[in-house]
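In: Curious how this folds, go ahead:
(one chain, ligands or ions: 1)
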Amino acid sequence: MSEATVHLGSGKVRELYALDDERLLLVASDRISTFDVVLPTPIPDKGRVLTGLSAFWFARTKGMVPNHLLALRDDGRSLECRRLEMLPVEIVVRGYLAGSGWKDYTATGQVCGHTLPAGLREADRLPEPIVTPATKADTGHDLNIDEDEAARICGRQRYAAAREAALGLYRFGEEHAARRGIIVADTKFELGVDQEGAVVLGDEALTPDSSRFWPATGYEPGRPQPSFDKQFARDWCEASGWDKTAPGPELPADVVAGTRARYLEAFERLTEISFEDYLAEPEVVLG
Ligand code: Q0Z
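Out: As a prediction, this is how the structure comes out:
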């Protein structure tokens, strides 16, 4: 990294730097968060898996929705990006009923203003994907809002463009993943606007950290589904008796190895590229 690189901010597991007035550098660490807490033990190569997957999706969807990717660095964990004016709402697309969507549905029969059919079970596939925007609340937690509120916040035209982009991206990713045995239950997109006023996909896209990935094998609505990537770590944390407040527990080596293997498996199934080939030349995912 050049000396002029300015650190702009930290996410739970990522760092953001300014390269110049027009370009940012997004760096994915090997940190893992579970139950909303970053664990002290890294998962080797997790940041490379997420960066490679994002770059893979950016390359394959750029004809459908323009995105911020300028370059994938040789370290395999850093993306050079166009600087955008980010929309103040996150666009979540849900194809299955999980998490806060399931919770809201059990309480009200609705999710973010979408009235859903009666009788759905936890983890059921929805008749069609729904868009459920959210704002960053002061607590750092996301606050679900309805689409009308999102349209007021973003401007109607901008919101309409962002929601169509997000729906198209989700349908593409969900179908691609399903053919490779991974259910994308839901996913969060962060979109922005470029200098020409076009809506552009930013941040990371269709990664295990921005999505719920479930193994298609063993999928059974009516109960919570295991996470494709984090389930070993979650199970170990649950069994350890940890009270889920910071700091989290150190993970034992076998749990680290099992979790790393699941991330690599997600990468290889979705990209059909060996992770070894990615490490040798990250740009293979752009082809
Ligand atoms: C992304 C974030 C991270 C902390 C701002 N292309 C872009 N243009 C303008 N802003 C952003 C992007 Cl990606 C942007 N974030 C999220 C990422 C660390 C915060 F790695 N914030």
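In: per-residue pLDDT, Tyr170?
Out: Note on Tyr170: pLDDT of 99.
In: doesn't it fall inside a strand?
Out: No. When DSSP: H, G, I helix; E, B strand; the rest coil is applied, Tyr170 is found to be helix, with no strand at that position.
In: Let me see the contact set for it.
Out: 93, 95, 129, 184, 187, 189 (Cβ atoms under 8 Å, 6 or more residues apart in numbering). In short, each C-beta sits where N, CA and C put it, glycine included.
In: would you list those residues in a markdown table and tack on distance to Glu22?
Out: Below are the contacts of Tyr170 laid out as a markdown table (distance: Cβ to Cβ, whole Å):
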| residue | distance to Glu22 |
| --- | --- |
| Val93 | 29 |
| Gly95 | 35 |
| Pro129 | 33 |
| Val184 | 32 |
| Thr187 | 27 |
| Phe189 | 22 |
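In: Can you pick out the most distant pair from these?
Out: Maximum pairwise distance among the contacts of Tyr170 (Cβ to Cβ): 13.5 Å, between Gly95 and Phe189.
In: which one of the two has more residues nearby?
Out: Counted by other Cβ atoms under 10 Å, Gly95 and Phe189 do not tie: Phe189 has more neighbours, with 26 against 22.
In: Show the backbone phi and psi for Ala151.
Out: Dihedral pair for Ala151: phi -70, psi -40, per degrees, to the nearest 10.
In: Beta-bridge partners for the residue of the stretch 101-250 of the chain found nearest the ligand, please?
Out: Relative to the ligand, the nearest point of the stretch 101-250 of the chain is Gly202 (4.1 Å; Cβ to the nearest ligand atom). Beta-bridge partners recorded for Gly202 (DSSP bridges): Glu190.
In: who are the neighbours in contact with it?
Out: 67-68, 81, 84, 86, 190-192.
In: mind giving me a markdown table with the residues you listed and columns for neighbour count?
Out: Shown next, in a markdown table, are the contacts of Gly202 (neighbours: other Cβ atoms under 10 Å):
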| residue | neighbour count |
| --- | --- |
| Asn67 | 25 |
| His68 | 24 |
| Cys81 | 23 |
| Leu84 | 21 |
| Met86 | 15 |
| Glu190 | 19 |
| Leu191 | 27 |
| Gly192 | 20 |
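In: which one of those sits closest to Gly11?
Out: Glu190 (11.1 Å).
In: The least confident helix or strand in the chain by mean pLDDT pairs with which strands, parallel or anti?
Out: None of the helices or strands of the chain scores lower by mean pLDDT, DSSP states H and E than strand 142-144, at a mean of 93. Using DSSP bridges, strand 142-144 pairs in its sheet with strand 125-136 (antiparallel).
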